[in-house]
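Participant: need a 3D model of the following:
(one chain, ligands or ions: 1)
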Amino acid sequence: MTYGGAVMHPMVKPALRRGWRDLNTVQFGMTPAHAMTLGPMDLATGSFLDLLNGTRGLELLREEGRRMNLPDGHVDGIVERLARAGLLDDARGGGPGADALRQKKEVLDRLRPDLASLSLTTSEPGDAMRQLAVRRSQRVQVRGAGRVGAVVASLLSGAGVGEVDVRDGGRVEPWDVAPGGLPAEAVGDRRDESARRAVRRAAPDRPPRRAAAQASQASQEEGDPGFALVIIAPRDDVAVHAPDPSAAEPLMSSGTPHLYAGVVEGTGVVGPLVLPGDTGCAGCLHESRTDRDPTWPRLVAQWRSGRQRQVRPCDLTLSTTVAGLAAAHALAFLDGRVPTSAGARWEVSVPGLHWHARPVWAHPACPCGAAERGKGEHPSEDGESHETMAVQRPSAQCRKASAKRPAGTWRAHV
Ligand SMILES: [Zn+2]
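Facilitator: Next comes the predicted model:
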């Protein structure tokens, strides 16, 4: 028995609803994204699945199997099969971080739906809990604490990211207030402090002290910001539409992944997620736009220099949508995946609210070097016509990510 050894307490992932497609085939899960079928399976084995609920170790399960007259080795076979199909979790797995988290029942209760969701995107028993524990040790910075940024920061904190730092200047204006972000009581207070308070309020727990101390020590030693991810969520609409490459230079040179998000006029934007040197960055975006429209730099210069004293448009539901999607992409990345915002900007405009991805190709004239590295992958002159390719490429990465789950007779076909 290769999975987990004696201490393992196998559990069929409770996140997936179960149903019999026929007398021999069980379907785990309802939705096409994560459902699988497992067969052939006889009814005795099927009822044995109910015992795989995390309360019994393998020894006890073998005993139960004998009592149910299942043939020798059958129990281990089932457990192994389920584990290989990515359908099995381990109620005691995930390592020391997971064990520590299990001790904090109230914290874990807050995160249970998130944990269940993680069990759908991880394959090995115990991985979901391990990943949730890893989140607690991660450091993220959000730049910009308006309607989008403050909500992104709170969401990440609420989802279990251990340290969420927020940077912004000035004081909270009445129009910064948003549910889940800066509260009305904060109007007039310092924006960064208020956003950090919102982050603390949203957190299921205080950040683990030891991890935070280690992280700040590491960042001092290396002279590195030490953030796993920086989210750039400007309140300024020009900065959302035309992100300034020079503002991201320190992030590029330190190799810090960063994600753009914001609202400009009636359009919400999530992306690109920049993996420096690997995927298209703000500089690449600027170069590509200039290729397509020679007047682009002239327009950007005017937008940037124009003094704008009026409150900029930012539909509250749009900003919340953008914040939610940006936080989801950020989490996917922190959890070790490559979300579809790498090399693309997801955009949605009121009132149609149709999401679509615009590619952000690595550009050869950009000093980031991503074009050099990705040479031959996607020679492109006209970004507009490549929307479908942009969708295909990240989804190819998703397939790669989920390919850990071995294909076989149990592949989903729902
Ligand atoms: Zn670039």
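Participant: can you give me the helices in the stretch 151-300 of the chain?
Facilitator: 191-202, 209-222, 237-241, 249-253, 282-292, 296-305 (DSSP state H, counting those that start in this stretch).
Participant: can you put those helices in JSON lines and add distance to His34 and mean neighbour count?
Facilitator: From N, CA and C alone the C-beta is placed, and that goes for glycine too. Below are the helices of the stretch 151-300 of the chain laid out as JSON lines (distance: least, C-beta to C-beta, whole Å; neighbours: other C-beta atoms under 10 Å):
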{"stretch": "helix 191-202", "distance to His34": "27", "mean neighbour count": "20"}
{"stretch": "helix 209-222", "distance to His34": "31", "mean neighbour count": "12"}
{"stretch": "helix 237-241", "distance to His34": "33", "mean neighbour count": "20"}
{"stretch": "helix 249-253", "distance to His34": "33", "mean neighbour count": "15"}
{"stretch": "helix 282-292", "distance to His34": "33", "mean neighbour count": "21"}
{"stretch": "helix 296-305", "distance to His34": "42", "mean neighbour count": "13"}
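Participant: go through those helices and name the closest to Met68.
Facilitator: Met68 lies closest to helix 209-222 among these, at 44.9 Å (C-beta to C-beta).
Participant: the helices of the stretch 151-300 of the chain: lowest mean pLDDT?
Facilitator: Lowest mean pLDDT within the helices of the stretch 151-300 of the chain: helix 209-222, a mean of 51.
Participant: ok, Ala133 touching Arg102?
Facilitator: No: taking contacts as C-beta atoms under 8 Å, Ala133 lies outside contact range of Arg102: 9.3 Å.
Participant: of those two, who's got more company?
Facilitator: Remark: of Ala133 and Arg102, Ala133 carries more neighbours, 21 against 15, as counted by other C-beta atoms under 10 Å.
Participant: and the gap between that one and Ala198?
Facilitator: Taking C-beta to C-beta, to the nearest Å as the measure, Ala133 falls 24 Å from Ala198.
Participant: tally of neighbours for the closest residue to Val230 other than its chain neighbours?
Facilitator: Sequence neighbours aside, His258 is the residue nearest to Val230 in space, at 4.3 Å (criterion: C-beta to C-beta, 6 or more residues apart in numbering). Here the number of neighbours of His258 (other C-beta under 10 Å) works out to 23.
Participant: residue contacts, His258?
Facilitator: Residues near His258 by C-beta atoms under 8 Å, 6 or more residues apart in numbering: Leu229, Val230, Ile231, Ile232, Ala248, Leu251, Leu273, Val274.
Participant: kindly recompute the last result at 7 Å.
Facilitator: Residues in contact with His258 (C-beta atoms under 7 Å, 6 or more residues apart in numbering) are Leu229, Val230, Ile232, Ala248, Leu251, Val274.
Participant: report pLDDT for the residue lying closest to Ser123 once chain neighbours are set aside.
Facilitator: Nearest residue to Ser123 in three dimensions, chain neighbours excluded: Gly86, at 3.9 Å (C-beta to C-beta, 6+ apart). On pLDDT, Gly86 comes in at 93.
Participant: re the thing from before, now the helices of the stretch 151-300 of the chain as a markdown table including distance to the ion?
Facilitator: Shown next, in a markdown table, are the helices of the stretch 151-300 of the chain (distance: least, C-beta to the ion, whole Å):
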| stretch | distance to the ion |
| --- | --- |
| helix 191-202 | 29 |
| helix 209-222 | 24 |
| helix 237-241 | 17 |
| helix 249-253 | 8 |
| helix 282-292 | 4 |
| helix 296-305 | 16 |
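Participant: distance to Arg345 added to those, as JSON lines?
Facilitator: Formatted as JSON lines, the helices of the stretch 151-300 of the chain follow (distance: least, C-beta to C-beta, whole Å):
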{"stretch": "helix 191-202", "distance to Arg345": "24"}
{"stretch": "helix 209-222", "distance to Arg345": "29"}
{"stretch": "helix 237-241", "distance to Arg345": "10"}
{"stretch": "helix 249-253", "distance to Arg345": "17"}
{"stretch": "helix 282-292", "distance to Arg345": "8"}
{"stretch": "helix 296-305", "distance to Arg345": "15"}
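Participant: so for Phe333, which of the ones you listed sits nearest?
Facilitator: Short answer: helix 249-253, nearest of these by C-beta to C-beta, at 14.2 Å.
Participant: please save the CA atoms from the closest one in PDB.
Facilitator: Output of helix 249-253 as PDB, limited to C-alpha atoms (Å, rounded to 0.1, in the frame of the first residue of the first chain):
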ATOM      1  CA  GLU A 249      10.300  48.100 -12.900                       C
ATOM      2  CA  PRO A 250      11.400  47.100  -9.400                       C
ATOM      3  CA  LEU A 251       8.900  44.200  -9.600                       C
ATOM      4  CA  MET A 252      10.400  43.200 -13.000                       C
ATOM      5  CA  SER A 253      14.000  43.300 -11.800                       C
END
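Participant: how about residues contacting that helix?
Facilitator: By C-beta under 7 Å, 6+ apart, helix 249-253 touches Val230, His258, Pro276, Cys281, Cys368.
Participant: how far does it sit from its chain's centre?
Facilitator: 22 Å (C-alpha atoms, centre = their mean, to the nearest Å).
Participant: same thing with stretch 352-367?
Facilitator: 19 Å.
Participant: in it, what's buried?
Facilitator: In terms of neighbour count (16 or more other C-beta atoms under 10 Å), stretch 352-367 has its buried residues at Ala357, Arg358, Pro359, Val360, Trp361, Ala362, His363, Cys366.
Participant: next structured bit after the strand or helix carrying the first one?
Facilitator: When elements are assigned from DSSP states H and E, Ala357 belongs to strand 356-359. Downstream of strand 356-359, the first helix or strand assigned by DSSP H and E is helix 370-373.
Participant: which outside residues touch that next one?
Facilitator: Gly277, Asp278, Thr279, Gly280, Cys281, Cys284, Ala362, His363, Pro364.
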